[in-house]
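Asks: below: sequence and its predicted model.
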Amino acid sequence: MEEIANRKSQIANLRTAVIGVGSLGQHHARNYAEIAASNETEFVGVCDSNEENARAVAEKNNCDYYTDWRELTDKVDAVSIVTPTETHAEIACAFLERGVNVLVEKPIARTLEEADLIIEAAENSGAKLMVGHLERFNPAMVALRPHVSQPLYFEIHRVSPFPNRSLDVDVVLDVMIHDLDAIQWLVDSKVSEIRAVGIPVISDKVDAANARIEFENGAVANITASRIGTEKIRKTRFYQTNGYVVLDYATKFASVTSLAPNAIHPLLGINVNRLEIEDVEPLRAEIEAFLDCVINDKTPPITAADGRRALELALGVLEKIEHHAARVFPKN
Ligand SMILES: NC(=O)c1ccc[n+]([C@@H]2O[C@H](COP(=O)([O-])OP(=O)(O)OC[C@H]3O[C@@H](n4cnc5c(N)ncnc54)[C@H](O)[C@@H]3O)[C@@H](O)[C@H]2O)c1
């Protein structure tokens with residue numbers, strides 16, 4: 001009883017922080033600051049090893065700043081970790097081991113071994129661990145999800161102009177992983193085959209890739225991801241029995257096209273259902289879902305197992321890309 005009472009009193013004023021306030025982390029900070037202003041959480045501060053970044057984001061959000069995350073491990077109850085992927089395991093494990101609840105950005109880690117260390121640290125302490133697969137909170141996906149029923153064939157394009165960030169990982173771990181998570185979530189069957197091709201064009205890592213993923217239930221996804229495009233495209237189209245679905249994460253659009261049940265002729269009975277979208281900021285929804293599972297002791301909507309599964313598939317795609325490259329460019 002005493003333990004529960006303590007837990008409740010601690011949660012009533014949940015102390016939050018963001019580790020890593022670069023291009024994405026600054027938006028985590030803004031959201032935590034806004035949430036703190038409107039309810040019972042307390043936004044303790046931000047941490048960034050780049051002091052200039054840390055100070056600037058702290059000033060904007062009226063909070064303290066730190067340059068060493070170790071100073072925060074005993075000062076907070078919940079953190080977002082938004083540092084480069086190669087640092088996730090060390091930082092996440094340290095917070096989780098102290099019972100601090102963690103929202104770690106995608107990909108959960110660089111390797112499955114690191115992901116397992118993070119998962120083990122959460123299991124040992126009982127702290128909540130959620131992975132930031134943000135697209136699941138895109139309002140277009142939120143509106144679409146109840147309409148998904150046995151998708152069988154996906155065509156997916158995710159293209160962006162060359163970014164000045166996240167170059168520590170390739171395009172598969174950086175952006176294709178969003179779609180790898182989404183298809184596994186929507187298809188809900190085991191992956192049976194992966195084919196892939198990818199190429200470094202501007203950086204020394206794969207900048208553009210295409211993967212064909214086949215599932216045991218027969219579903220197939222064809223995914224193109226590129227970070228050297230001339231425009232931003234984040235489009236998914238898929239076919240399911242009696243339905244053609246369009247999902248545009250960038251413009252927050254979703255529609256389901258189907259044949260009206262009593263149509264006398266296909267051309268007369270096509271029904272395009274443009275779904276109603278509630279225009280919320282996906283990151284706000286993600287952080288609120290994380291805090292909700294901490295405060296109300298719920299299972300995170302995106303579990304560590306989901307994050308690990310997406311990483312495993314991404315690493316599988318990269319392995320196939322390497323095989324393909326070895327065949328096309330054999331070393332002498
Ligand atoms: N969910 C999404 O849609 C999405 C989008 C972009 C990035 N991400 C993920 O977020 C993470 C960060 O990406 P980004 O684009 O913001 O990178 P970024 O390089 O812009 O920012 C990372 C920040 O972390 C800081 N940092 C590095 N090491 C640190 C350490 N040990 N302690 C404290 N601070 C440290 C850097 O100084 C930098 O300011 C990556 O894992 C990336 O994959 C997710």
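Replies: Sure thing, it's come through. Everything numeric here is computed off the predicted structure, so don't read it as measured data.
Asks: ok so residue 164 is a helix residue?
Replies: No - counting by DSSP: H, G, I helix; E, B strand; the rest coil, residue 164 is not found in a helix; it is coil.
Asks: read off the pLDDT value for it.
Replies: Looking at residue 164, its pLDDT stands at 72.
Asks: and it, how many neighbours does it have?
Replies: 6 (other Cβ atoms under 10 Å). Quick note: C-beta positions are derived from backbone N, CA and C, even for glycine.
Asks: check which helix or strand covers the residue nearest to residue 249 when sequence neighbours are not counted.
Replies: Leaving out its chain neighbours, the residue that sits closest to residue 249 by Cβ to Cβ, 6 or more residues apart in numbering is residue 234, at 4.0 Å. Assigned by DSSP states H and E, residue 234 belongs to strand 233-240.
Asks: what is that strand packed up against?
Replies: strand 151-159, helix 177-187, strand 243-248 (3 or more Cβ pairs under 8 Å, 6 or more residues apart in numbering; DSSP states H and E).
Asks: mind redoing it with 10 Å?
Replies: helix 139-144, strand 151-159, helix 177-187, strand 220-226, strand 243-248, strand 253-259 (3 or more Cβ pairs under 10 Å, 6 or more residues apart in numbering; DSSP states H and E).
Asks: which one of these lies closest to residue 202?
Replies: With Cβ to Cβ as the measure, strand 220-226 is the member of these nearest residue 202 (10.6 Å).
Asks: in stretch 298-306, what's buried?
Replies: 300-304, 306 (16 or more other Cβ atoms under 10 Å).
Asks: and for stretch 318-332?
Replies: Neighbour-count burial for stretch 318-332 [16+ other Cβ under 10 Å]: 318, 320-321, 324.
Asks: ok now that stretch, how far from the chain's centre?
Replies: Centre-to-centre, stretch 318-332 and its host chain are 28 Å apart (Cα atoms, centre = their mean, to the nearest Å).
Asks: show me the shaky parts of the stretch 1-150 of the chain.
Replies: 1-12 (pLDDT under 70).
Asks: what does it put close to the ligand?
Replies: Selection of the stretch 1-150 of the chain residues close to the ligand by Cβ under 6 Å from any ligand atom yields 19-25, 47-50, 53, 69, 82-85, 87, 105-106, 132, 134.
Asks: looking at it, the residue nearest to residue 249 is touching residue 223, isn't it?
Replies: No - look at residue 234 against residue 223 with Cβ atoms under 10 Å: they stay out of range, at 11.8 Å.
Asks: neighbour count winner among the two?
Replies: Shown here are residue 234 and residue 223; by other Cβ under 10 Å, residue 223 has more neighbours (24 against 21).
Asks: mind checking the SS state of the residue in the chain positioned nearest to the ligand?
Replies: Nearest residue of the chain to the ligand (Cβ to the nearest ligand atom) works out as residue 22 at 1.9 Å. The three-state label for residue 22, taken from three-state DSSP, comes out as coil.
Asks: could you find the closest non-adjacent residue to residue 36?
Replies: residue 43 (3.9 Å).
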